[in-house]
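Give me a 3D structure for the following:
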Amino acid sequence: MYAYIKGKVADRNDQQIVIENNGIGYLINCPLGISAEFGGLGDEVTVWLYQSVKEDDISLYGFNSRAQKEMFLKLITVSGVGPKVAHTICAALSAEQIAAAVMSGNVALLTSVKGLGKKSAEKIIVELKDKLKAQLGSSSSIAVTPVAVAASGTGDPGIMQDAVGALVVLGYKDQEASEAVGSAYEEGIGLEDLIRKSLKIASGKKFS
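Model prediction:
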């Protein structure tokens with residue numbers, strides 16, 4: 001199983017990118033919505049990878065960040081959402097946008113993705129929220145811990161709650177998510193921006 005690959009952009013088209021590493025060219029499914037972040041031909045890049053293995057096909061799916069890959073991995077746990085659909089969603093929306101849509105129940109944002117219908121969007125929201133509740137061991141809404149409130153000084157419990165949940169959806173433990181949100185919160189900040197800032201803080205602590 002591949003985690004990521006570092007190498008030069010050797011070739012690209014609307015749906016795929018070739019990364020050369022030690023004389024080997026790796027063909028990676030990577031639509032423009034994702035590969036546009038990698039620069040031009042010859043540039044040194046890091047591409048996060050997911051390897052899909054089927055009886056008649058082995059494919060690599062590329063992502064421009066760990067958070068984007070983590071969101072993809074969450075999406076493919078939803079019944080009826082395969083790698084191609086999940087990849088299309090990740091190419092159209094950022095990880096922060098998807099997480100915010102799940103936490104706020106924003107069906108309209110998810111259905112803005114070409115080919116994703118209302119029923120599929122609603123299923124993504126419901127199933128990811130259910131997995132979140134199971135992970136936290138509670139059937140109630142996510143609690144903003146005292147750590148988060150203390151770190152922020154004051155704050156809007158609703159938006160902080162949703163941001164903590166979004167980071168948990170992306171694979172962070174509830175305690176570290178809560179601390180990151182508390183540190184990132186500022187008065188008047190929107191949910192998507194709060195998630196983005198919190199992710200930077202949480203990932204910095206986790207992988208420094």
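
Next, residue 6: phi, psi?
Phi and psi for residue 6, reported as degrees, to the nearest 10, are phi -110, psi 130.

contacting residues around it?
For residue 6, the contacting residues are 21, 44-47, by CB atoms under 8 Å, 6 or more residues apart in numbering. Glycine gets a C-beta too; all of them are placed from N, C-alpha and C.

any idea which helix is longest in this protein?
Criterion DSSP state H: the longest helix present in the chain is helix 118-136.

Counting by contacts, list what that one packs against.
helix 66-75, helix 95-104, helix 107-111, helix 157-169 (3 or more CB pairs under 8 Å, 6 or more residues apart in numbering; DSSP states H and E).

which residues are in contact with the first one?
Spelled out, that is helix 66-75. Contacts for helix 66-75 (CB under 8 Å, 6+ apart): 34, 48-50, 61, 63, 81, 83, 85-87, 89-90, 94-96, 98-99, 124, 128, 131, 169-171, 199, 203, 207.

which one is residue 59 nearest to, not counting chain neighbours?
Among residues not flanking residue 59 along the chain, residue 52 sits closest, at 4.7 Å (CB to CB, 6 or more residues apart in numbering).

For residue 10, see how far away that neighbour is.
22 Å (CB to CB, to the nearest Å).

lowest-confidence helix or strand of the protein?
Least confident helix or strand of the chain, by mean pLDDT, DSSP states H and E, is helix 146-152 with a mean of 47.

Might you report the residue contacts of residue 19?
Counting by CB under 8 Å, 6+ apart, residue 19 has contacts 5, 7-10, 25-26, 28, 45, 47.

So which of those residues are in helices?
Counting by DSSP H, those place none of their members in helices.

Go through the helices and strands packed on helix 118-136 and name the closest to residue 119.
helix 107-111 (9.7 Å; CB to CB).

on that earlier part again, from the contacts of residue 6, which single one is nearest residue 163?
Set against residue 163, the nearest of the contacts of residue 6 by CB to CB is residue 46 (26.4 Å).

Distance-wise, check the closest residue to that closest one other than its chain neighbours relative to residue 73.
Spatially, and ignoring its direct neighbours in sequence, residue 46 is nearest to residue 6 (5.0 Å; CB to CB, 6+ apart). Going from residue 6 to residue 73 by CB to CB gives 21 Å.

quick revisit: mind listing which of the contacts of residue 6 are in strands?
21, 44-47 (DSSP state E).

Now tabulate the helices and strands packed on helix 118-136 in TSV and tack on distance to residue 175, mean neighbour count and mean pLDDT.
Output for the helices and strands packed on helix 118-136, formatted as TSV (distance: least, CB to CB, whole Å; neighbours: other CB atoms under 10 Å; pLDDT from 0 to 100):
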stretch	distance to residue 175	mean neighbour count	mean pLDDT
helix 66-75	18	22	90
helix 95-104	18	25	84
helix 107-111	28	17	94
helix 157-169	10	24	82
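
I appreciate the help and will end here.
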